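Novice: 3D, please:
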Amino acid sequence: MRNALLITQRELRAYARSPLGWTVAAAMLLFDGVLFQWFAMAGAKLSAQVLSDFFYYMSGVTMIGTIVLSMRLIAQEREKGTLVLINTAPIRDRDIVLGKFLALFVFVFVVTALTAYMPALVFVNGRVSIGHILVGYAGILLLAAASSAIGLLGSAFARTQVIAAVVGALILGVMLTLWAGAKVADPPVNTFLLALALHHERQKAFGSGILRLENVVYYVAVTYFFLLAATKTLEARRWR
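Specialist: Numbering: from 1, shown residues only. Alright, predicted model coming up:
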């Protein structure tokens, strides 16, 4: 665990020094603010509906930003040749994957926390539940964790950052569109596809302030699966 935390610190410093980190963070905050003002706050809506719309739009920005941020994690090391140095160090592949994942998640967590003033604005002219806000943000962070793990797998698989972003986006896109396949499939296939869908109904529940254990377990399981897949991919490439 100590090695993983050292890698986390290293990656966080890299995000702080990199134009990519600041650019993506600024873009995420900008789009969150614009979507909150133009869509969530548009028209006469109940306060709860404003929050639901805000978290729904924010989830899309979070997924895109996370995939872009994740592309450099391992692919950049491979491009620069520094991955060889890490592989020859007494560090296990799972520590590398865990450290890089934690760095990305912490970075996205900070960016997400900076949007807290937006739902707080609803208090000016409306009444909302603190629990609703907390559950909504819990859904965003769980989605960010799953998206980070998916992006990390893409970065572990690819040789360049561009390909890493494409691979991560493709995997994420497939998992996002499973709910559409569920609508045209027959039972029990539709139930199976809907259970695997990354977004849609699961994020709608969080956005509405409904905390369901099965949704939490799902995101934790997806995160674990893709982190394990990234670790195995890194191990396979190490012995090539």
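
Novice: what residue ranges in this protein are flagged as low confidence?
Specialist: Within the chain, the ranges that satisfy pLDDT under 70 run 40-45, 81-90, 125-126, 237-240.

Novice: That one: helices as residue ranges?
Specialist: Listed in chain order, the helices of the chain (DSSP state H) span 2-17, 19-35, 47-70, 75-80, 82-88, 93-113, 117-120, 122-125, 130-157, 161-184, 189-196, 200-207, 213-238.

Novice: what's the most buried one of those?
Specialist: Of all the helices of the chain, helix 130-157 has the most neighbours on average by mean count of other CB atoms under 10 Å, namely a mean of 24. The way it works is simple: take the backbone N, C-alpha and C, and place the C-beta from them, glycine included.

Novice: Can you check what angle separates that one from helix 161-184?
Specialist: Interaxial angle, helix 130-157 versus helix 161-184 (axes from the mean of the first three to the mean of the last three CA atoms, to 10 degrees): 120 degrees.

Novice: which strands and helices sit next to helix 130-157?
Specialist: Contact analysis of helix 130-157 by 3 or more CB pairs under 8 Å, 6 or more residues apart in numbering; DSSP states H and E lists helix 47-70, helix 93-113, helix 161-184, helix 200-207, helix 213-238 as its packing neighbours.

Novice: okay, which residue is most central for this structure?
Specialist: The chain has residue 144 as the residue nearest its centroid, 2.3 Å off, counting by CA atoms, centre = their mean.

Novice: separation between that one and residue 92?
Specialist: Counting by CB to CB, to the nearest Å, the separation of residue 144 from residue 92 is 25 Å.

Novice: just residue 143 next, same as before
Specialist: For residue 143, the distance to residue 92 - CB to CB - is 28 Å.
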